[in-house]
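**Q** Give me a model of this one.
(2 chains)
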Amino acid sequence: MENASSHFREKTRWRPLEIVFWLCTLLPFVVTPNYLSLASQIAITALFALSLDLILGYAGIVSLGHAAFFGVGAYAAGLLAKHYWSEPLTGLVVAALIAGLVGYATSHIVVRFRHLALIMLTMGLGLLLHEAANSASALTGGADGLQGFRVPSVLGFKFDMFGRAAYGYSLIVLFLCFLVARRIIHSPFGLALRGIRENATRMPAIGAPSRAHLRKAYTIAAVMAGIAGALLTHTTSTVSLEVLSFGRSADVLVILILGGAGRLYGGIIGAIIYMVARDQFSGANPQYWYFWIGLLLVVVVMFLPNGILGGARALYKKPQ
Amino acid sequence: MAPALSTRSLNKSFGSLTVAQDIALELPQGVRYALIGPNGAGKTTLMNLLTGMLRPDAGQVFLSGEDVTALKPDARVKRGLARTFQINTLFPQLSAIESVALAVLEREGQAHNWWRGLPRFGAAIDEAHAILGSLKVPPTRLTRELPYGQQRLVEIALALATQPKVLLLDEPAAGVPKDESTSLFDAIANLSRSLTILFIEHDMDVVFRFAARIIVMVGGRILVEGAPADIARDERVREVYLGKAHA
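**A** Numbers count the residues shown, from 1 in each chain, chains lettered A, B, ... in the order given. As a prediction, this is how the structure comes out:
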């Protein structure tokens, strides 16, 4: 029996490489202090990709409209800061709650569909919210974005042009959300999600209420995406309509596929590579940088179908 | 005492094709039934109707006297009706013990728990380990890496983890070599005597060895139901099915 429990303990234990990875996330403070704004954007995108990984990588829900929750979180935080108060931590909580509510409401529709219908449905919901925000310009600022507010600091640390507070804030929130995601994945609920991804037909035959599990996963993912959106609002003191765009939904999907879906770190690794590549490529050629991103995606999908992390894992296991 | 599983006038058609017609069953507790019939007789369709994977056009399904016709498959499993599939329907990337522990956790209502790590559910893990041990399945290998015969046993282990009162086995030895199928059916024969079993099987040696009662289906109808000796003597059965093998 000891072997049985140790099988699960082995899978859930922290590995040295993980600890090294998180320690490395502190390096930008000393190694690249001029790129902390980019680092905070990466942390926010990584959190957004992590939230998508929960539903796509672990529950098999392919979404092309995940920016809906990112955008709802971003606008919720922005509107709160503009009309009520600019303290960011409560803003995060409110944004998470509102994104979670929208996620829970739409989950009742989303979990009824699979495959192509699901992709179209999530894309439709995303477009719907994007256009709703565009039309409600009195509230959202429409195409001009939501402006005229400022989130000055978090816990006394001022958001400055160097991005120290922004990166610290984003990194801490990313890490806390990662801990939650990690706990979910290694919990009975996480196992149930993997069961749904592996074989949705079998789940009812072992007494599993698959749709209830999927609704919960979708809501949790919406909460995390909302937090990521709120982080962007707090660190930039502006909300553009782009937070709800189809492009953002597509980008985060690309990021997750690049890094490797269903691997917890896939979204984070994908965000680092994608954002750094975008920064470098757009610096070299502002008009055609997407060409290189496209090429990167094609190469990764052709040679590393399970993403960069999947390829690395296969390489690591091969000699054994 | 109400039968463990029964049906009343169960009917199902796909367009003009009738796949189940006036099916009336009564399976008492603890009896092992074989469901036989030629290909296309409607055996798997009947299992799908019993488990709720298909909705009947008319008729009812009862579990221990309770009408479960309107219940979804997972709710029927919770009431003690489990099944296996003719074609492996497993979780390839989960280890055998993860798969079975998941079924135990679902049964215990703990699979919704997202704040406690899996190692803290020792009782469920131990139970999954014991089930796999009783079927001699290595617990920690990925399901997709197990030999086919052991994957068939994982099918049964998953069903057993739900602690069923009635177990429906859809060709449990399908694709398993003859020598392995005997040990597979020995494992089935050793299951609790209180468990009602209905199994679909084409191998008549296995059917006559393990079934206490046999139901013969033809063209979506039950042709006859009886003890193996009676079924072997029945002229209608010989004509439509057994005739080829036992004439």
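
**Q** so who does the residue sitting nearest the centre point of chain B touch?
**A** Centrality entry for chain B: nearest residue to the mean C-alpha point is residue B:168, 1.8 Å, by Cα atoms, centre = their mean. By Cβ atoms under 8 Å, 6 or more residues apart in numbering or on different chains, residue B:168 lies in contact with B:47, B:50-51, B:81-84, B:197-199. No exception for glycine: its C-beta is placed from N, CA and C like everyone else's.

**Q** Kindly identify which of those residues also come near chain A.
**A** Intersecting these with the surroundings of chain A, defined as Cβ under 8 Å from any Cβ of the partner chain, gives B:51, B:82-83.

**Q** Okay, and which of those map to helices?
**A** residue B:51 (DSSP state H).

**Q** which of the ones next to chain A among the contacts of residue B:168 count as buried?
**A** With burial judged by 16 or more other Cβ atoms under 10 Å in any protein chain shown, the buried subset of the ones next to chain A among the contacts of residue B:168 is B:51, B:82-83.

**Q** Save these as TSV, and put in distance to residue B:143 too.
**A** What follows is these, written out as TSV (distance: Cβ to Cβ, whole Å):
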residue	distance to residue B:143
B:51	21
B:82	18
B:83	18
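
**Q** among the contacts of residue B:168, who's most crowded?
**A** Neighbour tally across the contacts of residue B:168 (other Cβ atoms under 10 Å in any protein chain shown): the maximum, 29 neighbours, falls on residue B:81.

**Q** Tell me the confidence at the residue lying closest to that residue once chain neighbours are set aside?
**A** The spatially closest residue to residue B:81, leaving aside those adjacent along the chain, is residue B:166, at 5.1 Å (Cβ to Cβ, 6 or more residues apart in numbering or on different chains). Looking at residue B:166, its pLDDT stands at 97.

**Q** okay, now the closest residue in space to residue A:209 that isn't next to it in sequence: neighbour count?
**A** Take residue A:209 and drop its neighbours on the chain: the residue closest to it by Cβ to Cβ, 6+ apart is residue B:74, 5.3 Å away. Neighbour count of residue B:74, defined by other Cβ under 10 Å: 21.

**Q** got the contact list for residue B:74?
**A** Contact analysis of residue B:74 by Cβ under 8 Å, 6+ apart lists A:203-205, A:207-210.

**Q** Which residue would be the closest one in the stretch 1-150 of chain A to chain B?
**A** In the stretch 1-150 of chain A, the residue that lies nearest chain B is residue A:4 (3.9 Å; Cβ to the nearest Cβ).

**Q** Tell me the pLDDT of that residue.
**A** You'll see residue A:4 listed with a pLDDT of 75.

**Q** Helix or strand: which one has it?
**A** Secondary structure assignment for residue A:4, by DSSP states H and E: helix A:2-12.

**Q** contacting residues around whichever helix or strand comes after that helix?
**A** Sequence-wise, the next helix or strand beyond helix A:2-12 is helix A:16-24, with elements assigned using DSSP H and E. Residues from elsewhere that reach helix A:16-24, judged by Cβ under 8 Å, 6+ apart: A:175, A:265.

**Q** So for helix A:16-24, mean pLDDT?
**A** Confidence over helix A:16-24 (mean pLDDT, whole number) is 96.

**Q** Which SSE is immediately downstream of it?
**A** Using DSSP H and E, the helix or strand that follows helix A:16-24 towards the C-terminus is helix A:36-56.

**Q** Just the buried residues of that next one, please?
**A** For helix A:36-56, a neighbour-count test (16+ other Cβ under 10 Å) marks A:36-56 as buried.

**Q** How about stretch A:280-292?
**A** Across stretch A:280-292, burial judged by 16+ other Cβ under 10 Å covers A:281, A:289, A:292.

**Q** Quick check: end-to-end length of that stretch?
**A** Across its full length, stretch A:280-292 reaches 10 Å end to end, with Cα to Cα, to the nearest Å as the criterion.

**Q** what is the rounded mean pLDDT of that stretch?
**A** Model confidence over stretch A:280-292 averages 83 on the pLDDT scale.

**Q** What of stretch A:54-66?
**A** Taken as a whole, stretch A:54-66 has a mean pLDDT of 93.

**Q** Please export the C-alpha coordinates of that stretch as PDB.
**A** Extracted in PDB, the C-alpha atoms of stretch A:54-66 (Å, rounded to 0.1, in the frame of the first residue of the first chain):
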ATOM      1  CA  LEU A  54      -6.500  24.800 -16.700                       C
ATOM      2  CA  ILE A  55      -9.300  24.400 -19.100                       C
ATOM      3  CA  LEU A  56      -7.500  23.500 -22.300                       C
ATOM      4  CA  GLY A  57      -4.600  21.500 -21.100                       C
ATOM      5  CA  TYR A  58      -6.300  19.700 -18.200                       C
ATOM      6  CA  ALA A  59     -10.000  19.700 -19.100                       C
ATOM      7  CA  GLY A  60      -9.800  19.600 -22.900                       C
ATOM      8  CA  ILE A  61     -11.900  22.800 -23.400                       C
ATOM      9  CA  VAL A  62     -10.500  24.500 -26.500                       C
ATOM     10  CA  SER A  63     -11.300  28.200 -26.200                       C
ATOM     11  CA  LEU A  64     -10.800  30.900 -28.800                       C
ATOM     12  CA  GLY A  65     -12.600  33.500 -26.600                       C
ATOM     13  CA  HIS A  66     -10.600  33.400 -23.300                       C
END
